[in-house]
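Visitor: Just need the structure, nothing else, for what follows:
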Amino acid sequence: MITRVDMHSHTTASDGTFHVKEIVARAIEKGLTGLAITDHDTVASLSEAVKEGEKAGIEVVPGIEISSVYNGMDVHILGYYVDYEDDDFLNTLEGLRDVRKVRNQMMIDKLRQLGIDITMEEVEKEKKGKGNTGRPHIASVLIQKGAVSTMKEAFDKYLGRGALAYCNPPRISPFEAIDIIKKAHGVPVVAHPGLYHDEELVLSLISYGVMGIEVFHPDHGEEEERIYGQMADHFQLIKTAGSDFHGIRSGVVFHGDLGDKGIDMETLIKIKKGKIS
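Guide: Presented below is the predicted three-dimensional model:
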């Protein structure tokens, strides 16, 4: 019986530091009975994760977090119970990852212009497997070089929105991300809406057909939880919760730890019922 499920986590298939077996083991250690794997723009870990979950007696929800851009701002859309073996879906994700590679190189170029000696080869070495390269990998190299002391400082000073090395090449819109997830028979959910500081955008996504809102997230305070919880209730959307666990870097848990945020069985059933057949 599923009683507690963390709906947002990352593995080494994208920018997490835990392999599938490690993240499933940690979920069990934290008392979870379910875990959604939602790597950035890839489903590479899902087949192994689902099998590992079955062996360990924990339900693994096959998911994804798609990166998009709206008015120059990063917007992420979570997708749950996607068909991770669908060829069209896999081909679309490959194109999204190509844009991610361009962005990484642009950020590295900006860092070099700022006088930081950093190369793509160094960043690639920070990956724990064959997964996507992302900003946390760049941040790890910045820490090693003494340019910053923590992951937070790396994002605040260089890699976060509006920071010195931040850049955002053209990408799909969040509306297109919703279409991609629905076409793969998944349930689209707005990820951490409090980070966008744009309630009108969230309302537009609701009008377009998003099916849930990640109300509970480590970067949300009580005010964000109130605003987006009320919004979800008003439009009869699913309220989800996730730790956004990325593993441990420099001895510190990145974002929340597994189980810090989670949903119950009743909510998971709603998500399953929302799956597009």
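Visitor: End to end on stretch 167-176, go ahead and measure it.
Guide: Using Cα to Cα, to the nearest Å, the end-to-end distance of stretch 167-176 comes to 21 Å.
Visitor: Contacts only, for the spatially most central residue of the chain.
Guide: What sits nearest the mean C-alpha location of the chain, by Cα atoms, centre = their mean, is E65, with 4.5 Å. Residues near E65 by Cβ atoms under 8 Å, 6 or more residues apart in numbering: 8, 10, 14, 38-41, 76-79, 191. Any C-beta I mention is one placed from the backbone N, CA and C, and that applies to glycine too.
Visitor: Return the closest of those residues with respect to E153.
Guide: H10 (20.6 Å; Cβ to Cβ).
Visitor: tally of neighbours for that closest one?
Guide: Close neighbours of H10, defined as other Cβ atoms under 10 Å, add up to 29.
Visitor: ranges for the helices of this protein?
Guide: Remark: helices of the chain, listed N- to C-terminal, are 20-29, 46-56, 87-113, 120-124, 135-144, 151-154, 174-183, 199-208, 222-234, 265-274; assignment by DSSP state H.
Visitor: got a markdown table for those helices, with mean pLDDT and mean neighbour count too?
Guide: Shown next, in a markdown table, are the helices of the chain (pLDDT from 0 to 100; neighbours: other Cβ atoms under 10 Å):
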| stretch | mean pLDDT | mean neighbour count |
| --- | --- | --- |
| helix 20-29 | 97 | 19 |
| helix 46-56 | 97 | 17 |
| helix 87-113 | 94 | 16 |
| helix 120-124 | 93 | 15 |
| helix 135-144 | 93 | 22 |
| helix 151-154 | 93 | 18 |
| helix 174-183 | 98 | 21 |
| helix 199-208 | 98 | 15 |
| helix 222-234 | 98 | 15 |
| helix 265-274 | 89 | 15 |
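Visitor: so S9 bridges to which residues?
Guide: On the basis of DSSP bridges, S9 takes part in beta bridges with F245.
Visitor: separation between it and I172?
Guide: Using Cβ to Cβ, to the nearest Å, we find S9 at a distance of 23 Å from I172.
Visitor: Between the two, tell me which one has more neighbours.
Guide: The residue with the greater number of neighbours, taking S9 and I172 and applying other Cβ under 10 Å, is S9; the counts read 30 against 19.
Visitor: who's in contact with that one?
Guide: The contact partners of S9, by Cβ under 8 Å, 6+ apart, come to 16, 23, 27, 35-38, 242-245, 258.
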